[in-house]
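1. how does the following fold in three dimensions:
(2 chains)
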Amino acid sequence: MNETSSEGGQLRELVGQMRSEISRAFVGQQEVVDGIVIALLSGGHVLLEGVPGLGKTLLVKAMAEAFGGKFSRIQFTPDLMPSDVSGHAVYDPKSERFRIRRGPVFTHLLLADEINRAPAKTQAALLEVMQENQVTIEGQSSPLDPPFMTVATQNPVEHEGTYPLPEAQLDRFLLKVLIDYPAHDDEIKIVTAVTGGRVGDALDVEGVQTVMSPAHVVAARKLVAGTRVDASVVDYAVRIVRETREASGIRMGAGPRGSIALIRAARAVAVMAGRDFATPDDIRKIAIPALRHRIALAPELEIEAYRPDDILGDLLNTVSAPRQ
Amino acid sequence: MNLDKVTAVLRPRSPWEAADFGVRLVRRDAAAVYQVWFATSLPLLLFALLWIYATPWPGFAILIYWWLEPVLDGPILDVIARRLFGGDADVGKTVRRAPGFAWRNRLFLLTPKRLHFARSVAMPITQLEQLGGATRRQRSKVLNAHVLNHGMGVTVAYHHLWSAAYIGIILGFLAFIPPEYRLEGPLDWLEYLYESESRHAEAANLLLFYLAQSLLQPWFVGAGFGLYINCRTRLEAWDIELVFRRMATKRAAAATTAAALLAVGLAVSIGGSQAYAQDDSASGSDPGFSGFWTSDDITDELDAVFETEALNTMETRETWVRKNPATEREASGDDSAFRDTMRSIGDLFALIVEFGVWILAALVVLLVFLTRHYWLPYLLAGSPVRQRSARVMLASGEVRAEELPDDIPASVRALWQRGDRRAALSLLYRASVFELVRRYGVRLPVSATEGGCLAAVAAQAEAAQSGLFRRIVEAWVMLAYGARVPSTEEVESLLNAWPEHYGEASS
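-> Okay, the predicted model is just below:
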């Protein structure tokens, strides 16, 4: 079913190379790599959840290196101010004027580490940037250089002193990707790579080659946006999202933004599969990462330790696939 | 029952103190009680375990074991009762008598009385008093008026404690499972225990049930027995009888001593015997000395008792009484006719209500039966999540035979030639899915996408069917989602191969 059009063939090939390069630094966990690449191609942002020490920073740095983009990292803390994210105006005594000092958000890839440790005001400042793709400082709007993507991380274990993101703000993330411990063989590769004649335990991205440019990413995004989506596929995506609103185990279902996210991400999945059209399989593949942060489980299921993934998995088994 | 040999203080107690009294009886004789318990319950447990492993219905083992629970209560009751009344409470004999107790208590095994809410109070009537039929019912009525509510309270308390013990034992086991034997989730062992169809899981569940029951069942029986004994103590004034018996014993002992002294006195001093005899006769009014009561003594004693303050307290109570006595009203013929009419109307109304209730009950039962398709799956499926999983239909539910034409290739060809190409390939795809499910038994959920169908068919069907199906799906996907129309030759090739694999000729 692979159909490579001559127009996007080169870009698809570059995307494939980028995945391979990222995987050289970030060993194993191909689903996590795919999730990040899908979000990058779809022009969305990713919420990455996993315990500390699994290489989240390395992943984002490797991706930035693979497409030659700029990379910034903000460690969110309770005393972080919105101006620490977006930038601020500084008075210059020489020129006797205020000068705009740009914050770390002016980059291509922004790693917002432990986003739930900053208060709501600072979170909102970043989420506004994510939504608008521009920053307003002292009334002056500055657009961000495309491609811009935020990878925000959350620690699922430590909740003391955190400010959980409200559902409305979680909705801004295209995907929520779960990062788990590496497999046994992958961990051996990681340990070998880190301890092979090096001092310290830092992972680096020296081995990652730049195979794309930011301009290529922008072009790939246009290619993804032009991917054909049949009406029956849209209908399938909408039926899945609507089912989340009616399912008995879900307290709050996904909104229309969930349907839109499904289609956007499915188009990227299709491009990565070498197709210029999306299929119901693409929707199904990306449904759980695109919806798991947009639903809230009923209290009785939360008490029984069910996860959104369990409920969404069951839900996908009840929605009939298009056949006409 | 021999009140003379009773080994505990019998006195009127408040109901909860009485239940506690029964529990303390069990604690006092705990060794004997638990010997009897294990001697009788372990064979029953073994039987239930054999049932799990030897029959095709392992899930009924716990139900059977639970239903036979009264068999185990009888021997415990016997031990406590015998020890209380100073009887022979040999463990071996009690165990040998267990079948007899089961037969006496058959009411609680073979009838809905098994679900009696105050069984611990009701069982002593059948077992200890050995009553049956109308006599038992009459006896139960008298006792239940006093202890039924508290017997039910004991049952409720027992079930709460049993639940706590059961859950505690399970959590204790879970806490001590070594990390290497833990499943993925913290509650996965529970899921295994309750939702697995494994016989080992059923056996483990039965053992946990038994452990919790062993902890509490003797105390439950004891509490009920305490209530029963207290009720009889009150109704039959056992405490007063015991006091009287003690008094009589004391007096009999005093009389014997006096008689002996008298005989010795007579033997020693014959001369003065007449005078002493006269004196004894004169002092016959002192029963404490002579030990013999005369009617005058009793009259005096009763008079003294009736003159005590306790029997001379005056109390004024006011109640409403009819102005016209009933006899006067019955004398009036008009009233009598009116009353008869009203009684007839009342009887008719009662009849209607009674039949109405029965009809309503029958309708409810009928309704429950007719709607079983709706509620039965919920009972069988368990949690809502499980129910969702069960909804996965292992058939192409949305493709029905009546929706498909008889001659698929001809119909597809006609649609294709008419220019309705999407409909043509859709029909071919759906017909293939239908035939794979019907003819080759491929299990396909309704939610299976094209990729899901291909994976299922590749895993479950033969290579020939799988190869053709892959070509059909590819053609369908390219057309439906990629807007790429396959050539007519390609479609013809699919249609020519179709009857061989999916048509009537292939069967």
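2. residues near the residue lying closest to residue B:210 once chain neighbours are set aside, how many?
-> Nearest in space to residue B:210, with sequence neighbours left out and distances taken as C-beta to C-beta, 6 or more residues apart in numbering or on different chains, is residue B:45 at 5.4 Å. Bear in mind the C-beta positions are built from the backbone N, C-alpha and C, glycine included. The tally of other residues near residue B:45 (other C-beta atoms under 10 Å in any protein chain shown) stands at 19.
3. could you name the helices and strands sitting against the longest helix anywhere in chain B?
-> Among the segments of chain B that qualify as a helix by DSSP state H, the longest is helix B:133-175. Under the contact definition 3 or more C-beta pairs under 8 Å, 6 or more residues apart in numbering or on different chains; DSSP states H and E, helix B:133-175 sits against helix B:15-28, helix B:119-127, helix B:188-195, helix B:199-236.
4. so what angle separates the directions of the second one and helix B:15-28?
-> The reference is to helix B:119-127. Inter-element angle recorded for helix B:119-127 and helix B:15-28: 70 degrees (by axes from the mean of the first three to the mean of the last three C-alpha atoms, to 10 degrees).
5. need the helices and strands packed on helix B:133-175 in a markdown table (columns: mean pLDDT and distance to residue A:100).
-> What follows is the helices and strands packed on helix B:133-175, written out as a markdown table (pLDDT from 0 to 100; distance: least, C-beta to C-beta, whole Å):
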| stretch | mean pLDDT | distance to residue A:100 |
| --- | --- | --- |
| helix B:15-28 | 92 | 80 |
| helix B:119-127 | 86 | 84 |
| helix B:188-195 | 72 | 56 |
| helix B:199-236 | 90 | 67 |
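6. count of neighbours near the residue in the stretch 51-200 of chain A that chain B sits nearest to?
-> As assessed by C-beta to the nearest C-beta, chain B sits closest to residue A:180 within the stretch 51-200 of chain A, at 11.9 Å. Other residues near residue A:180 come to 13 when the count uses other C-beta under 10 Å.
7. hang on, residue A:88 in a strand?
-> Yes: assigned with DSSP: H, G, I helix; E, B strand; the rest coil, residue A:88 falls within a strand.
8. now do the contacts for it.
-> By C-beta atoms under 8 Å, 6 or more residues apart in numbering or on different chains, the contact list for residue A:88 reads A:100-101, A:103, A:137-138.
9. just to revisit the earlier point, show me how far the longest helix of chain B is from its chain's centre.
-> 9 Å (C-alpha atoms, centre = their mean, to the nearest Å).
10. could you check the angle helix B:15-28 makes with it?
-> Using the same axes, to 10 degrees: helix B:133-175 against helix B:15-28 is 70 degrees.
11. out of the contacts of residue A:88, who's the most crowded?
-> Of the contacts of residue A:88, with other C-beta under 10 Å as the count, residue A:103 tops at 22 neighbours.
12. is the closest residue to that one other than its chain neighbours bridged to anything, and to what?
-> Leaving aside its sequence neighbours, residue A:103 sits nearest to residue A:87 (C-beta to C-beta, 6+ apart; 3.5 Å). Applying DSSP bridges to residue A:87 yields these beta-bridge partners: residue A:102.
13. before we move on, back to that, and the contacts of residue A:88, which is closest to residue B:30?
-> residue A:103 (75.5 Å; C-beta to C-beta).
14. if I look at that closest one, what pLDDT would I see?
-> Residue A:103 carries a pLDDT score of 82 in this model.
15. equivalent analysis for the one 10 residues further on, please.
-> What the model reports as pLDDT for residue A:113 is 85.
16. please apply the same query to residue B:491.
-> According to the prediction, residue B:491 has pLDDT 87.
17. that one in helix, strand or coil?
-> helix.
18. my read: it touches residue B:425, true?
-> Yes: counting by C-beta atoms under 8 Å, residue B:491 touches residue B:425, with 7.5 Å between them.
19. what residues do the two have in common as contacts?
-> B:412, B:475.
20. need the max-distance pair from the contacts of residue A:88.
-> Once C-beta to C-beta is applied, those give A:103 and A:138 as the farthest pair, at 12.7 Å.
21. now residue B:237: phi and psi?
-> phi 50, psi 50 (degrees, to the nearest 10).
22. same question for residue A:137.
-> Dihedral angles (degrees, to the nearest 10) for residue A:137: phi -120, psi 120.
23. do the same with the one 4 residues further on
-> The phi and psi values for residue A:141, taken as degrees, to the nearest 10, are phi -90, psi 130.
24. and it, bridged to which residues?
-> Following DSSP bridges, residue A:141 is listed with bridge partners residue A:136.
25. if we can go back for a sec, was I right to think the residue nearest to residue A:103 contacts residue A:100?
-> Yes: applying C-beta under 8 Å, one finds residue A:87 in contact with residue A:100, separated by 6.3 Å.
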